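Chemist: Prediction below, plus the sequence it came from.
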Amino acid sequence: MIFLANFFLIVGAFFYAIGGLGVFRMPDVYNRSQAATKATTLGTLALLIGIAILNPSWTPKLLLIAVFIAITNPIGSSALIRSAYLSNIKVDKRTKIDELKDFYNNEEEENYENN
C-alpha cells in the first residue's frame, strides 16, 4: 500500500513540475493558464489519492476537497481567461484560430440591439 501511495504522491509532484514548466515555457497568458490549470488539477487529485491511501480515515474529507478542486479550478481559470480576453490581452502570433472573436462580436451586437 505504501508503494501505491508513494506512486500517487510522485505522480502529483510530477504534474506540479510539468505545470511549472508549462507556465515558464508557454508564450502567452492563455496557454500558461491552460497548462497551469490542468497540471494543478491533476497533480492535486493525484496527491489527494496518495494521502487517502496513507490515511484512510481522511478519505471523506479528501473526497470533498477533490470535488471542490475539480469544480472550481476550471471555472476560476475560465473566468480569468475570459477577463483577459475581454481586456484585449494579445494572443501569441503563432495562434492560428481565435474562436472567441466571432462569439464576442456577435454577443456585443445582440446586446446593442436589445438596448
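Modeler: Noted; the coordinates are in hand. Small disclaimer: the values here were computed from a predicted structure and weren't measured.

Chemist: Outside of stretch 89-105 itself, which residues are in contact with it?
Modeler: The contact list for stretch 89-105 (CB atoms under 8 Å, 6 or more residues apart in numbering) reads Pro27, Asp28, Val29, Tyr30, Asn31, Tyr85, Leu86. Placement of C-beta: from N, CA and C, glycine included.

Chemist: what about 10 Å?
Modeler: With contacts defined as CB atoms under 10 Å, 6 or more residues apart in numbering, stretch 89-105 is touched by 26-31, 81-86, 107.

Chemist: do stretch 64-76 as well
Modeler: Contacts for stretch 64-76 (CB under 10 Å, 6+ apart): 33, 36-38, 40-42, 44-45, 47-49, 51-52, 58-59.

Chemist: Then stretch 13-33?
Modeler: Contacts of stretch 13-33 (CB under 10 Å, 6+ apart): 34-47, 50, 76-78, 80-81, 84-85, 87, 89-95, 100.

Chemist: where exactly do the helices run in the chain?
Modeler: 2-25, 29-54, 59-86, 99-114 (DSSP state H).

Chemist: In a markdown table, list these along with mean pLDDT.
Modeler: Shown next, in a markdown table, are the helices of the chain (pLDDT from 0 to 100):
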| stretch | mean pLDDT |
| --- | --- |
| helix 2-25 | 94 |
| helix 29-54 | 93 |
| helix 59-86 | 93 |
| helix 99-114 | 65 |
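
Chemist: Not counting its neighbours along the chain, what's nearest the most centrally placed residue in the chain?
Modeler: Geometric centre of the chain, nearest residue: Thr37, 1.8 Å, by CA atoms, centre = their mean. Excluding the flanking residues, the one nearest Thr37 by CB to CB, 6 or more residues apart in numbering is Ser77, at 4.0 Å.

Chemist: ok, Lys38 - contacts?
Modeler: Lys38 neighbours (CB under 10 Å, 6+ apart): Phe15, Ile18, Gly19, Gly22, Asn73, Pro74, Ser77.

Chemist: make it 8 Å
Modeler: Here Lys38 is in contact with Gly19 (CB under 8 Å, 6+ apart).
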